[in-house]
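S.K.: Quick one: sequence and predicted model below, then my questions.
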Amino acid sequence: MEEMIQVLTRFHREVVLPDVARIVGNAVEGLRGEMNANFDEVNARLDGVTGHFDAIYQRFDRLETEYHMIGAGLKRIEERLDRVEQRLDKMALRSELVELKTRVDGLQEQVRTLEARLDG
């Protein structure tokens, strides 16, 4: 069981976390690039044109929506990982139960052998 937890922890640390960090990092960098481009555009045309501000607010709305979608996606990944961990725990418990049953069967056989010797 400990080994499975260690393997799962290692999988999470070496596979899931780097992927999530990469995805979030790429999204954040993309958002930063868009924001910088928008601010550069606003600064270049800041001669009383208000239409650009409306466009910027629309972009912020879209970026905020994407941010929330990324958060929801991360939550779904974490929930799936929790379900995988639960399944692994159940599998480990079943394996231990089978092992214990085998040991009990062996002990029962030894008791029968001893009883047969005592009776015989």
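M.R.: Looks like it came in fine.
S.K.: Who are the contact partners of Leu74?
M.R.: With contacts defined as C-beta atoms under 8 Å, 6 or more residues apart in numbering, the neighbours of Leu74 are Val20, Val24. Quick note: C-beta positions are derived from backbone N, CA and C, even for glycine.
S.K.: give me that answer again for 7 Å
M.R.: Contacts were defined as C-beta atoms under 7 Å, 6 or more residues apart in numbering; by that measure Leu74 touches Val20.
S.K.: Could you tell me how far it is located from Tyr57?
M.R.: 26 Å (C-beta to C-beta, to the nearest Å).
S.K.: any idea which helix is longest in this structure?
M.R.: Using DSSP state H to define each element, the chain has its longest helix at helix 51-119.
S.K.: Could you tell me which ranges of the protein sit under the pLDDT cut-off?
M.R.: Counting by pLDDT under 70, the low-confidence segments of the chain come to 45-52, 120.
S.K.: Just give me the residue closest to the centre of it.
M.R.: Glu78 (3.4 Å; C-alpha atoms, centre = their mean).
S.K.: Burial check on Gly25, number of neighbours?
M.R.: The local packing of Gly25 (other C-beta atoms under 10 Å) involves 10 other residues.
S.K.: Report the angle between the helix or strand encompassing it and helix 51-119.
M.R.: Counting by DSSP states H and E, the element that carries Gly25 is helix 17-44. Relative orientation of helix 17-44 versus helix 51-119 (axes from the mean of the first three to the mean of the last three C-alpha atoms, to 10 degrees): 170 degrees.
S.K.: in helix 17-44, what counts as buried?
M.R.: When burial is assessed from 16 or more other C-beta atoms under 10 Å, helix 17-44 yields the following buried residues: Val20, Ala27, Leu31, Asn38.
S.K.: now for that helix, which elements pack on it?
M.R.: Using 3 or more C-beta pairs under 7 Å, 6 or more residues apart in numbering; DSSP states H and E as the contact criterion, the neighbours of helix 17-44 among helices and strands are helix 51-119.
S.K.: what's the spacing between the helix it packs on and its chain's center?
M.R.: Here helix 51-119 is found 11 Å from its chain centre; the criterion is C-alpha atoms, centre = their mean, to the nearest Å.
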